[in-house]
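J.: sequence below, structure please.
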Amino acid sequence: MEPAARFEALLAQGKDSALLRFSLGMQYLEAEPARAAGHLRRAVEQDAGYSAAWKLLGKALEAMGDAAGAVQAYENGIAAADAKGDKQASREMGVFLKRLRKAGS
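T.: A predicted model of the protein is given here:
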C-alpha cells in the first residue's frame with residue numbers, strides 16, 4: 001500500500017492529527033496541490049504553530065496560482081517559526097515570500 005493510501009486509511013479510522021494532515025499534504029503536493037492544500041489547511045487549524053505545515057501550504061497555494069493565499073501562509077508560517085525560535089524555517093519562508101512578492105510586482 002502506498003503511503004498516501006495508508007495515511008488516508010488512518011484518517012478514515014478517525015485518527016486525525018496535524019502530523020497526519022501534514023503527511024497527506026506532503027504526499028499530494030506535487031501531483032494534486034489543491035488536495036494537498038486542503039490537508040495542510042486542516043493541519044494548521046489543528047496546530048497554528050506548525051511552521052512546516054504553513055511552509056508546505058504556501059507551496060501548495062503557489063502551485064495552484066493563489067499568490068495572495070501563499071503570501072498569507074508564509075507570513076503565518078514565519079510568525080509561527082519565530083514564536084518557536086525556528087530561525088531556519090523563518091528564513092526559508094522569508095526567501096519564498098520575497099520571491100513571491102518580487103514576481104507579483
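J.: was I right about residue 81 contacting residue 94?
T.: No. In this structure residue 81 lies outside contact range of residue 94 using Cβ atoms under 8 Å: 9.3 Å. C-betas here are computed from N, CA, C, even on glycine.
J.: mind checking which of these two has more residues around it?
T.: Just comparing residue 81 and residue 94: by other Cβ atoms under 10 Å the higher neighbour count belongs to residue 81, 24 against 15.
J.: which residues does that one contact?
T.: When contacts are counted by Cβ atoms under 8 Å, 6 or more residues apart in numbering, residue 81 touches 51, 54, 87, 89, 90, 93.
J.: closest to residue 35 among the residues you listed?
T.: Distance to residue 35 across the contacts of residue 81 (Cβ to Cβ) is lowest for residue 54, with 17.6 Å.
J.: packing partners for the helix or strand containing that closest one?
T.: Under DSSP states H and E, the secondary-structure element containing residue 54 is helix 51-63. The contact analysis (3 or more Cβ pairs under 8 Å, 6 or more residues apart in numbering; DSSP states H and E) places helix 51-63 against helix 18-28, helix 33-46, helix 67-84, helix 87-104.
J.: what number of residues lie near residue 104?
T.: With neighbours defined by other Cβ under 10 Å, the count for residue 104 comes to 10.
J.: tell me how many other residues surround the residue nearest to residue 19 when sequence neighbours are not counted.
T.: Counting by Cβ to Cβ, 6 or more residues apart in numbering, residue 43 is the residue found nearest to residue 19 once chain neighbours are left out, at 7.8 Å. Residue 43 has 26 neighbours, counted by other Cβ under 10 Å.
J.: what do you get for residue 96?
T.: Residue 96 sits with 20 neighbouring residues when counted by other Cβ under 10 Å.
J.: do the same with residue 102
T.: When neighbours are defined as other Cβ under 10 Å, residue 102 has 8 of them.
J.: just residue 78 next, same as before
T.: 23.
J.: and it, how close does it get to residue 7?
T.: Going from residue 78 to residue 7 by Cβ to Cβ, to the nearest Å gives 27 Å.
J.: contacts only, for the residue nearest to residue 97 when sequence neighbours are not counted.
T.: In space, and not counting its chain neighbours, residue 97 is closest to residue 74: 4.3 Å by Cβ to Cβ, 6+ apart. Contacts here follow Cβ under 8 Å, 6+ apart; on that basis residue 74 touches 54, 55, 58, 93, 94, 96, 97, 100.
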